[in-house]
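Undergrad: What shape does this take:
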Amino acid sequence: MAHRISVTILTRNNQDRIERCLSSLKGFDEIILLDNGSTDKTLERASAFPNVRIFESEFLGFGPLKNLAAHHATHDWILNIDSDEMLTSEAFQEIRQLVLHDNHIYSLPRENHYAGKVIKCCGWHPDRVLRLYNRRHTAFNDKLVHESLIVGKSSRIVDLHQPIKHFSFENASDLLDKMQNYARLFALENRGKKKSSPSKAISHAVMSFLKNFFWQRGFLYGYRGLLISVSNANGVFYKYMMLYEENRK
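TA: Residues are numbered from 1 along each chain as shown. The predicted structure follows:
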């Protein structure tokens with residue numbers, strides 16, 4: 001690898017997924033694992049990997065936490081991976097052969113799975129994420145949720161071809177947990193900045209379901225497509241209702 005790359009990972013209570021993630025990153029000499037309050041065996045399992053350095057922090061928002069993880073890294077080139085993802089061997093080889101340029105931000109395709117099946121509906125496909133960057137050129141924005149790398153005028157986005165695999169949801173309970181957490185963070189992020197109302201929550205939720213289930217072909221994926229479409233609609237409904245309540249305080 002022409003450039004040294006540090007991998008950064010945020011985690012919290014991911015004991016069932018962390019070993020798969022870290023095993024896919026054995027080719028990197030440094031992984032910064034920033035934990036925000038795990039109470040399961042995540043850290044115990046992560047510590048078995050010799051290239052992992054563990055740090056801990058309270059939850060500051062996903063954007064600030066990712067920047068904090070990059071701050072702990074030894075190298076300027078950062079590959080950010082979620083703890084419920086894994087880098088394919090093909091993606092590792094593609095990254096390994098890159099000639100990196102400081103102002104380039106590299107985008108990887110992401111293959112999303114639900115309960116063991118690749119999902120190509122409901123807005124989950126196609127999916128691209130900006131994950132490889134030089135910390136001297138850019139950083140993540142400060143959003144609590146739905147954070148992203150800042151793309152400036154001098155930045156150039158380069159699309160890579162090999163994917164990251166994403167295993168965020170194994171069952172309906174996982175969908176509910178994430179929906180509730182993201183809705184709460186959305187309400188806190190937009191409190192006093194964005195208007196909301198019960199009618200807006202209902203109309204946006206209905207549109208979300210129609211878009212996911214029909215226009216984005218959720219109906220082709222059986223119960224999985226229905227469950228994801230309903231969950232997305234619920235997430236939209238609750239995030240606007242939580243925002244409405246926050247704005248009324």
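Undergrad: dump the residue contacts of the closest residue to Trp77 other than its chain neighbours.
TA: Nearest non-adjacent residue to Trp77, counting by Cβ to Cβ, 6 or more residues apart in numbering: Ile5, 4.4 Å away. No exception for glycine: its C-beta is placed from N, CA and C like everyone else's. Counting by Cβ atoms under 8 Å, 6 or more residues apart in numbering, Ile5 touches 28, 75, 77-79, 95, 132.
Undergrad: Just the residues you listed: which are in strands?
TA: 77-79, 132 (DSSP state E).
Undergrad: circling back to that earlier point, would you quantify the distance from the residue nearest to Trp77 to Leu98?
TA: Going from Ile5 to Leu98 by Cβ to Cβ, to the nearest Å gives 10 Å.
Undergrad: remind me, longest helix of the chain?
TA: helix 222-248 (DSSP state H).
Undergrad: Give the other helices and strands that that one contacts.
TA: strand 104-114, helix 172-190, helix 198-210 (3 or more Cβ pairs under 8 Å, 6 or more residues apart in numbering; DSSP states H and E).
Undergrad: low pLDDT regions in the protein?
TA: The model of the chain has pLDDT under 70 over residues 1-2.
Undergrad: The closest residue to Gly37 other than its chain neighbours: how many residues sit nearby?
TA: With sequence-adjacent residues excluded and distances taken as Cβ to Cβ, 6+ apart, Gly37 is closest to Arg12, at 5.5 Å. When neighbours are defined as other Cβ atoms under 10 Å, Arg12 has 15 of them.
Undergrad: How is the residue nearest to the spatial centre of the chain assigned, secondary-structure-wise?
TA: Nearest residue to the geometric centre of the chain (Cα atoms, centre = their mean): Asp82, 5.7 Å. Classification of Asp82 by DSSP: H, G, I helix; E, B strand; the rest coil places it in coil.
Undergrad: Would you confirm that Ser83 contacts Arg17?
TA: Yes. Ser83 is within contact range of Arg17, at 6.0 Å (criterion: Cβ atoms under 8 Å).
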